[in-house]
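Q: The following comprises the amino acid sequence and a computationally predicted model.
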Amino acid sequence: MSLEPPEPELDVGETPDGELDYDELADLLGEHVLDREEHVNAKGFVIRPDSVETVLATLREEAGFDHLSCLTAQQYPDRYESIYHLKKYDDPTQELSVVVPTASEEPVSGSAAGVFDTAIWHEREAYDLVGIEYEDNPDLRRILLPETWQGHPLSNDYNQDQPQIVPLREHANPMEKRTQVPDRSDTMFINIGPHHPATHGVLHLETVLDGEQVVDVDPDIGYLHRCEEQMCEQGTYRHQIMPYPDRWDYISAGMLNEWSYARAAEDLADIDVPEYAQVIRTMAAEMSRIAAHMLAIGTFALDIYGDFTAIFMYSITDREKLQNLLEDLSGQRLMFNYFRLGGVAWDLPEPREQYFQKVRDFCEYMPGRLEEYHNLLTSNELFQMRVLDTGILPPEEAKSYGCTGPVARGSGIDYDLRRGDPYGYYDELEWDVITDDGCDNFARALVRLKEMEQSARIIEQCVDVLEDWPEDEREIQSNVPRTLKPDHDKEIYRAVEGAKGELGIYIRSDGTDRPGRFKIRSPAFCNLQSLEVMAEGEYIPDMVAALGSLDIVLGEVDR
Amino acid sequence: MTLAETISSALGLEGAVGQFVGGFIGAAIVGTFILANAAVAGPWAKRKITAAFTDRISVDKLGPLGIGIIIPDAVRLISKELIVPEGVDRPAWDIAPLIIASSAILGFAVIPMGSIGSVDLQLADPEVGLAFVFAVASIASVGLVMAGYASNNKYSFLGGLRAVAQNLAYEIPLILTGISVVIFAGTLQLSEIVATQQQSLVELGPVAIPAWFAIVNPFAFILFLAANMAEVGRNPFDIPEAPTEIVAGFQTEYSSVYFVLIYLGEFVHIFLGGAIIATIFLGGPSGPGPASIGLLWFLVKIWGVFLLTQWARSALPRVRIDQLIEIGWKGMLVLAFANLFVTAVIVGVLAPL
């Protein structure tokens, strides 16, 4: 009998040093694998449309791919293609793309909805924008565009120059048909939003109530759809795409969003980033994260308290301090446009000492301030009474719904791309990933509060590093050609840890200076889908609290 | 001499006509006075107080401390378009705001507000004064249900239902706690209740602590304060409105003048709650100094209660409807009965010994 701890159990297709063994994975899938593809981030297996569910289920059960990070759909001249980007919650560097080609004439594919709940929305989006039909998807409706929309805007035969106007009289007019009375006639259907104080933007929740309790909730999104993916496809890599990410999650998280594009495009075009620029990026990104979490906490308190209380004002005040720091750095308060491929736009503001002092002052001020938030919120008994054990999201459900960020970490899932799939300067710094096993609204708020503390730690260490950086080695951008043309048909899916979770970008290059396909994996989109799990059976106020604890930004959900 | 008698004698009227005219003008004076308080509270004081609690500046452009905002705000509110939604149940929809606003003002008819010279600032002093106040204050609930039900809006409907559930849960503990005071005072007549509280409880050197019921029975006082918060529908019990949940509850569909009426009603209701608390727990208009500044003390007390409601609004999370019902029926009702029982034992069994 050995007293040594048992070896961690290895999934199939995993070598002892934590690498993926694609051959073994291919053996596992056997004849399902028709072909192999090379993506920059991972290898891809090409499979038949009717074996999607089998393949994904096998990969999930036996090879441990429990995170369907994203689904990208696109149309080639000769075929449609869906790519399921799989990852592992335990180790996000182990990636696998499952490529499902479907015929041009009849784009019908199997669905992954039976394996991953998150696939339901992803496939709805693919159906809506590209036009692939997923046969077994239980709810294949349009998701971003109105029900009456003609055609699929990202398909090749769609006339993008022809404006399409969908007036209300042609739209599914809510006044025309009476609401279907469900089986239980003592329920009431109610539209919460799109203009409602608690929906944090233009979100529409089709809710069925039984008295005060939520029987069913169906988020209806798309009111803020601005064709961001399409706009990015029409911009050049070098300069024209970078301003767009600022507009996805516009709640101060601009730096984090910009990094997602920067990381994907840099890896796609093999651009090195000077370390000095990486440190500045890390610092700027963490400032953005604190600012975004500040707003999340403030509005969450607003949802619970019901009025603009001191907590909201305090968090806005503190966010303002960060806005000022970021303004000093980038020249902008909201749409920073500070990152460049291969670095950042410019160096730290002069006089540097003064800027460092300002940042240090903030980092010193943070812990005391956070204590105040803990006093006002987390240790407030009335607040606890409201949020403890409400909006439960069990870890298994969270994984199935592809939840990431503070939402996943509030359900005890130790998943953070900054540590799991390091980029920037994070692996050189000391900080902790915060998780909480509460799985409830309280846990998600608590995780955000504690994460701000860690972010402040990171910022402080970055300042230390920047201060000692030799003056003649302050390289803010590497040498990047004026026009970037990545090789034809290179594909990459890269993600960073955004304010709301895993913010991923898929880019396929087509040999020109513009992306052939640009797909955004929005964390808020995936997190929002789990609202059903949290809200059903709860009271209306708890559903509102759960929505607040998800911290969605509709600009990012709808893109 | 009461206010009505003073007016009728000043006008040289006698008999029934004198009583009617005097009472009518007196009521107009008292009503205007209370509405003036609400006008200061709504557009200005509420903003200033919550701003102070939440680190803001709030109105500061017109007049000293921005108090001039009351005038443009009044013009703005009244000049807005009155939108009547399709399918509302008229006239119930139109009557509801009137009921909400008037029921609260009605309560002030029996509240003793001190005296100026020999003129007693109390319109009427019936023997059942306290019962009258509780009765008319409760009429507001009818208004809330009417507003919620007649608006043809599901949010209003939910708000109306919540208002009924809340008022049922809180009015019983509220009145039971009020009754414990009645047991102490031995009367329902408000002037008598105030008079009972004039004696001094203990003398600490030169300072005499008056026998205010808040000091005699602080437990009942706190219970009453909490129940009153729910009764007037303020945080943490603003569940019938709950802007982040059901938009604005029963008042979702009201705009313009009707909106003003409902809001006015709510503020007057807060003041009425304050007036009841002042009368039965804080010695009414009594306080240090000559009796002629009684009105001032009365104002200080009702504004103190108003301040408390705004403080709670800035500091306390709203409880959930099921939690509220639980607090009401399982907590406060039991406490209110216990308080009543103990008071009865003290007054009826122990005191005569």
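A: Looks like it arrived, so ask away. Residues are numbered from 1 along each chain as shown, chains lettered A, B, ... in the order given.

Q: Tell me the gap between stretch A:290-306 and the middle of its chain.
A: 19 Å (C-alpha atoms, centre = their mean, to the nearest Å).

Q: just stretch A:41-51 next, same as before
A: For stretch A:41-51, the distance to the chain centre is 23 Å (C-alpha atoms, centre = their mean).

Q: buried ones in that stretch?
A: A:41-49, A:51 (16 or more other C-beta atoms under 10 Å in any protein chain shown). Quick note: C-beta positions are derived from backbone N, CA and C, even for glycine.

Q: Quick one: list the elements packing against the lowest-mean-pLDDT helix or strand in chain B.
A: Of all helical and strand segments in chain B, the minimum by mean pLDDT, DSSP states H and E falls on strand B:200-204, at a mean of 72. In this structure, strand B:200-204 packs against strand B:207-210, with contacts taken as 3 or more C-beta pairs under 8 Å, 6 or more residues apart in numbering or on different chains; DSSP states H and E.

Q: pull the CA atoms of the next helix or strand after the strand it packs on into CSV?
A: Next helix or strand after strand B:207-210 toward the C-terminus (DSSP states H and E): helix B:213-216. Output of helix B:213-216 as CSV, limited to C-alpha atoms (Å, rounded to 0.1, in the frame of the first residue of the first chain):
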residue,chain,number,x,y,z
PHE,B,213,-44.8,56.7,25.9
ALA,B,214,-41.7,56.3,23.8
ILE,B,215,-39.8,56.5,27.0
VAL,B,216,-42.3,54.5,29.1
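
Q: For chain B, which residues are neighbours of chain A?
A: Counting by C-beta under 8 Å from any C-beta of the partner chain, the residues of chain B lying close to chain A are B:50, B:53-56, B:154-155, B:158, B:235-236, B:238, B:242-247, B:313-323.

Q: give me that answer again for 7 Å
A: B:53-56, B:154, B:235-236, B:238, B:242-245, B:247, B:313-323 (C-beta under 7 Å from any C-beta of the partner chain).

Q: Can you flag the buried ones in those residues?
A: Buried, going by 16+ other C-beta under 10 Å: B:53-54, B:154, B:235-236, B:238, B:242-245, B:247, B:313-321, B:323, out of the residues of chain B next to chain A.

Q: Could you look up the SS state of the closest residue to chain B within the stretch 51-200 of chain A?
A: Per C-beta to the nearest C-beta, A:Ala198 is where the stretch 51-200 of chain A lies closest to chain B, at 4.3 Å. Per DSSP: H, G, I helix; E, B strand; the rest coil, the secondary structure class of A:Ala198 is coil.

Q: Tell me which residues touch it, please.
A: A:303, A:544, A:547, B:244-245 (C-beta atoms under 7 Å, 6 or more residues apart in numbering or on different chains).

Q: tell me the mean pLDDT over stretch B:226-238?
A: Mean per-residue pLDDT for stretch B:226-238: 80.

Q: Show me what counts as buried in it.
A: Going by neighbour count (16+ other C-beta under 10 Å), the buried part of stretch B:226-238 is B:226-238.

Q: Pull the contacting residues for the closest residue to A:Cys227 other than its chain neighbours.
A: Nearest non-adjacent residue to A:Cys227, counting by C-beta to C-beta, 6 or more residues apart in numbering or on different chains: A:Pro153, 7.4 Å away. Going by C-beta under 7 Å, 6+ apart, A:Pro153 touches A:129, A:160, A:230.

Q: Would it be right to say that the last one lies in a helix?
A: It refers to A:Gln230. Yes: under three-state DSSP, A:Gln230 sits within a helix.

Q: What number of neighbouring residues does it come out with?
A: Using other C-beta atoms under 10 Å in any protein chain shown, A:Gln230 has 14 neighbouring residues.

Q: wait, A:Asp551 sits on A:Lys500?
A: Yes: with contact defined as C-beta atoms under 7 Å, A:Asp551 counts as touching A:Lys500 (6.0 Å).

Q: sorry, back to before: chain B next: which of the contacts of A:Pro153 are close?
A: Applying C-beta under 7 Å from any C-beta to the contacts of A:Pro153, one finds that nothing falls near chain B.

Q: how about TSV for these, with distance to A:Val533 and pLDDT added?
A: Formatted as TSV, the contacts of A:Pro153 follow (distance: C-beta to C-beta, whole Å; pLDDT from 0 to 100):
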residue	distance to A:Val533	pLDDT
A:Leu129	26	89
A:Gln160	37	79
A:Gln230	31	87
